[in-house]
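In: Next comes the sequence, and after it the predicted model I'd like to discuss.
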Amino acid sequence: MRVPTLLGLALIIAAALTSAAERTWKTGAWAFAPSGRIYVIESATEFITGEAPESDAVAIAATVGEAVQYAVEQRTLFVQAPDKTEHALRLVSAAAKYSAAYSAIGGGHFIKMVTAAGGRVTLEDGSRWDIDPRVRFAVAEWEPDDLISIRRSNDDKAFAFEIDNTSRDDGALTNHLAR
């Protein structure tokens, strides 16, 4: 009666070890240039920060905006290089990508930068805004120094704010990036 119990236990352990090696990979993008051993990935909803161990002599190729495969398991952030090599980083944090807290509501703002596809706008105060995909084509035509007004929005649950380009009499639903 003891043999089946040991065999069952061995099968359970083997199954656990096999599933530990299989990671659930997700796709994100490098959010910022690496700072020392610190790497930041932007997912659809979070900024995930990892720190490479001092003993890791291989730097991870991280170009801002470039896609990256990653997996989070407990306190470890795994990053997969294009050649499928895995790098294990210490998970430093996983913080919400968007914030409903923005203290400079109202007018008096101007555009510092608009991404080519109109997906993100940066204002003079350094705040960054992700634009509703349905209107990015129009926002792509906005230019630096266009005047902006910001208001909270209840029009669509997916977006907490609206930025209005008062120079062009145009607007877009948006979310404020937390960092």
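Out: Structure received.

In: Please enumerate residues in contact with the helix or strand hosting Asp130?
Out: According to DSSP states H and E, Asp130 maps onto strand 128-131. Residues from elsewhere that reach strand 128-131 (C-beta atoms under 8 Å, 6 or more residues apart in numbering): 98, 118-123, 139, 161, 163, 172-177. Quick note: C-beta positions are derived from backbone N, CA and C, even for glycine.

In: hey, what's the residue nearest to Asp145 when sequence neighbours are not counted bridged with?
Out: Nearest non-adjacent residue to Asp145, counting by C-beta to C-beta, 6 or more residues apart in numbering: Phe110, 5.4 Å away. When assigned by DSSP bridges, Phe110 has beta-bridge partners Leu147.

In: Can you flag which of the contacts of strand 128-131 belong to helices?
Out: Judged by DSSP state H, the contacts of strand 128-131 include Val139 as members of helices.

In: mind checking how far Glu143 is from Ala116?
Out: As judged by C-beta to C-beta, to the nearest Å, Glu143 and Ala116 stand 12 Å apart.

In: who has more neighbours, those two?
Out: The residue with more neighbours, out of Glu143 and Ala116, is Glu143; 11 against 7, by other C-beta atoms under 10 Å.

In: The spatially most central residue of the chain bridge partners, please.
Out: Centroid check for the chain by C-alpha atoms, centre = their mean gives Glu42 as the closest residue, at 1.7 Å. The bridge-partner assignment for Glu42, based on DSSP bridges, gives Ala29, Phe47.
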